Every structure is written in C-alpha cells, then in structure tokens.
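Q: With the input below, show me the fold.
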Amino acid sequence: MEYTLITGASDGIGYEFARGFSQNAHNLILVARQEDKLKQIAEKLREDHQIKILIIPLDLSQHDAADKAFQIIQRKSILVNYLINNAGFYVRGPFSGTSWEREQEIIQLQCLNHTKLVKLFLPEMLRQGKGGILNVCSTGSFTPGPYNAIYCAAKSFVLSFSEALAQEVTGSGVTVTALCPGGTKTSFQDLSKRKSSVFNPLMDASIVAKTGYRALMKGKRVAVPGFANKMQVFVTRFLPRRILTKLAATAVDKH
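A: A predicted model of the protein is given here:
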C-alpha cells in the first residue's frame, strides 16, 4: 500500500500538505515532535477522508531520527510513494551571539536528516519507476541571509541538492521538486515576529501547500509561490551578491 510521508506535519505548511494529500485520497505518514497534535490531526483526516494514517512522533533535528523513521516504516512494510521534506525552524540574530546548539540542529535537520530520508526512500521509488520528492526550501535559498545565516545557507544546500537530484532521476518516473516560499503565516513566523508588508507579504500556508502539491504532481523542479516572491527571486539573477546581501540584512529583525 502506497503512502505519502510528510515531515513537520503538525502545523503550518506541513499540516496543509497533510490536508491536501488526504483530500486527494493519499494514505499518510505524519512526522513531527508533538504526538498529541499528530493524533488529533490523524483522527480528523481519517474521519473526513477514510484514509490510512501512521503517525511518528519524532524530532528530526536529532542525529539518528531519519534512520528511526525509516525503520518504523520498514517494519510495517509500507511503500513511500511521495516524500515531503517540510520540517524546519530558524535562529535569528548575529551569528556571534546565537545558540550553536540550535544552529547545529538546523544543519542536522535540513542538510543531514532530510537528505538521509531521500537517500533511504529514493531507491525503492526508482525500483517502482514512480514517485516524487518535494523539499521545502525558501526564497532565502537564493541569497545569503545576514542575521539568519545558518538557515539560509542550509536552504541553499537543499535547493542545490534538489535541482541536482532532479536531473539525475530524469526519465526514471520519479521527480524532485524544490518549493521555495517566502514569508508564510505559520507559528514559524510567529516566532520570528515578522510582519507582513507590501514588499514582504506573508502568504497563507494553504496557498503555499497547494502550489507545492501542483508543482510536485506536474514534476516541476522549482516552484516559487506568489508574484512578489517570484519577482524577488527573479531580481537575484541580476543584482551583485554584495547588494543582495545588504538588502537581505535590511529585511530581518536583528534581535
């Protein structure tokens, strides 16, 4: 039986992905730290859409989390047909004063565990000749991010990895999509205290997830939701990196 695996599924974009895939009759594997919240979401989605759901309460910022998730899924003989690497958080402030422990967790989550999940589940997708991987990146993937340096660097890694892998699997029946949202209305943004503005609008998580779902199903390599975000990414092709970095610094609350 085929399932879609979604990380960071208890809130925001991940939750909206869970809703979207369930509405399209996908069985789900939901991974997040909050077990109680996962149980509530699973109960509602099962009732509304008559699908099968496995929840895995797990903190993917821990070093062995990807292997633990894979082992649980393997023991249940579940086939993962779609993998949505969505979980994420960031640390804001000057690098000299931020928490290394938290920044190390960002690297562990984005650059190691999400990549490890791809490493573990991709071979079976290739054997089946079908499937898809969606990695949630950011508009910050396209430029350095002062006062948000580790997060943007990690997301840049994810984007580069996604585009390279998409080329590797061309013609296999498996696709890889990088979804690059800007600011989104989630608890993630509540923690950052970011305000919506004309130049930096916050999008609804449901719209971001719908954009990602459509892009994945169409096999698009990179998807940027929203006109303002598309224009922001377009401009990065022409401005010098030093200017881009200065502009990025002005858009961040440094405290």
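Q: low-scoring stretches of the stretch 151-255 of the chain, by residue?
A: Counting by pLDDT under 70, the stretch 151-255 of the chain shows low-confidence ranges at 187-201, 252-255.
Q: Would you map the strands across it?
A: Listed in chain order, the strands of the stretch 151-255 of the chain (DSSP state E, counting those that start in this stretch) span 174-179, 184-185, 203-204, 222-223.
Q: Need the winner for burial among those.
A: Burial of these is given as mean neighbour count (mean count of other Cβ atoms under 10 Å); strand 174-179 ranks first at a mean of 26. Bear in mind the C-beta positions are built from the backbone N, C-alpha and C, glycine included.
Q: Who does it pair with, and is each partner parallel or antiparallel?
A: strand 131-136 (parallel), strand 222-223 (parallel) (DSSP bridges).
Q: Convert it to CSV, retaining C-alpha atoms only.
A: Taking Å, rounded to 0.1, in the frame of the first residue of the first chain, the C-alpha atoms of strand 174-179 are listed here in CSV:
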residue,chain,number,x,y,z
VAL,A,174,10.5,9.8,-10.2
THR,A,175,10.5,13.6,-9.8
VAL,A,176,12.2,16.0,-7.4
THR,A,177,10.7,19.4,-6.7
ALA,A,178,12.1,22.3,-4.6
LEU,A,179,9.3,24.5,-3.2
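Q: Which strands and helices lie in contact with the biggest helix by length in the chain?
A: When the chain is parsed with DSSP state H, its longest helix is helix 149-168. Applying 3 or more Cβ pairs under 8 Å, 6 or more residues apart in numbering; DSSP states H and E, we find helix 149-168 packed against helix 100-107, helix 114-128, strand 131-136, strand 174-179, strand 222-223.
Q: do you know which of these lies nearest L247?
A: Comparing the helices and strands packed on helix 149-168 against L247 with Cβ to Cβ, the closest turns out to be strand 222-223 (21.1 Å).
Q: JSON lines for the helices and strands packed on helix 149-168, including distance to T250?
A: As requested, the helices and strands packed on helix 149-168 are exported to JSON lines (distance: least, Cβ to Cβ, whole Å):
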{"stretch": "helix 100-107", "distance to T250": "22"}
{"stretch": "helix 114-128", "distance to T250": "30"}
{"stretch": "strand 131-136", "distance to T250": "25"}
{"stretch": "strand 174-179", "distance to T250": "25"}
{"stretch": "strand 222-223", "distance to T250": "25"}
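Q: Surely I6 and R19 touch.
A: No - under the criterion of Cβ atoms under 8 Å, I6 lies out of contact with R19, with a separation of 10.3 Å.
Q: and the strands paired with strand 174-179, which is most packed in?
A: For those, the largest average neighbour count (mean count of other Cβ under 10 Å) is found in strand 131-136, namely a mean of 26.
Q: Centre of the chain to that one, how far?
A: A distance of 9 Å separates the centroid of the chain from that of strand 131-136, by Cα atoms, centre = their mean, to the nearest Å.
Q: before we move on, what about stretch 129-145?
A: Here the centre of stretch 129-145 is set off from its chain's centre by 7 Å, with Cα atoms, centre = their mean.
Q: again with stretch 50-69
A: Taking Cα atoms, centre = their mean, the mean C-alpha location of stretch 50-69 is offset from the chain mean by 15 Å.
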